[in-house]
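Peer 1: Sequence first, then the predicted structure, then my questions.
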Amino acid sequence: MGESFHEQLRVDSRFLKSDQRLDTELVDKLILQLNRIYPQILTDKEASRFRDLDVPTCIRLAELLSHLQDKGEEACREFYRALHLHVEDVYFSLPTRLRLRESGEPVCPIPSPTDRYVMNDHSPFFFLSCFSLAVGAALLYYYGESKQELGSSSTLGLAAMGLSRKVRDVLI
């Protein structure tokens, strides 16, 4: 999948403009998907312009495709995601998809936003140890301030009980 989504949309736009399966209802679904889920790609004003029923569907679709190409790579990717979601048969009959299928390259699905970001691979014990360290520091800080106001710092002495002699001397 060496081509960018922007380049793929440029290649597929002629097919999309001529495909009869993209009727008014499906074009409206695509526009609403882009507007509701990704308002930074298609604002309310732009969406209402592309949903104007006085304009023929083929012209609205052509304007939408050129607008998305002007918006950039992310807008083109989200258009393909919406197309795959709402009109799967058209998505898989696109020229770029057919070319990928015929070339034998594995057709990679469009990654979802959760797939793009991988959480750390530490174990739960790492999380628990970091969390308990933070809680311990917070408790030490909280009770350390209240005891200093009363004139005694016995909390620091109790916290240092299980530590080595050098650390105890520093804390006390």
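Peer 2: Perfect, thanks for sending it. Residues are numbered from 1 along each chain as shown.

Peer 1: When you work out contacts or count neighbours from here on, use the C-alpha atoms and nothing else.
Peer 2: Will do.

Peer 1: Who's the closest spatial neighbour of residue 95, skipping the chain neighbours?
Peer 2: residue 12 (6.1 Å; Cα to Cα, 6 or more residues apart in numbering).

Peer 1: Which residues are in contact with that neighbour?
Peer 2: 94-96 (Cα atoms under 8 Å, 6 or more residues apart in numbering).

Peer 1: Format these as JSON lines; extra columns: distance to residue 18 and neighbour count.
Peer 2: Written out in JSON lines, the entries for the contacts of residue 12 read as follows (distance: Cα to Cα, whole Å; neighbours: other Cα atoms under 10 Å):
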{"residue": "94", "distance to residue 18": "11", "neighbour count": "18"}
{"residue": "95", "distance to residue 18": "12", "neighbour count": "17"}
{"residue": "96", "distance to residue 18": "15", "neighbour count": "18"}
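
Peer 1: In TSV: those residues, plus pLDDT, distance to residue 79 and secondary structure.
Peer 2: What follows is the contacts of residue 12, written out as TSV (pLDDT from 0 to 100; distance: Cα to Cα, whole Å; DSSP: H, G, I helix; E, B strand; the rest coil):
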residue	pLDDT	distance to residue 79	secondary structure
94	86	13	coil
95	87	16	helix
96	86	14	helix
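
Peer 1: Can you tell me how far the residue nearest to residue 95 is from residue 37?
Peer 2: Taking Cα to Cα, to the nearest Å as the measure, residue 12 and residue 37 are separated by 23 Å.

Peer 1: again with residue 11
Peer 2: To residue 37, residue 11 is 25 Å away according to Cα to Cα.

Peer 1: before we move on, what about residue 136?
Peer 2: Distance from residue 136 to residue 37, by Cα to Cα: 42 Å.

Peer 1: Same check on residue 132?
Peer 2: With distances defined as Cα to Cα, the gap from residue 132 to residue 37 amounts to 38 Å.

Peer 1: quick one: secondary structure of the residue nearest to residue 34 when sequence neighbours are not counted?
Peer 2: Counting by Cα to Cα, 6+ apart, residue 34 lies nearest to residue 42, which is 5.9 Å off, once chain neighbours are set aside. Per DSSP: H, G, I helix; E, B strand; the rest coil, the secondary structure class of residue 42 is coil.
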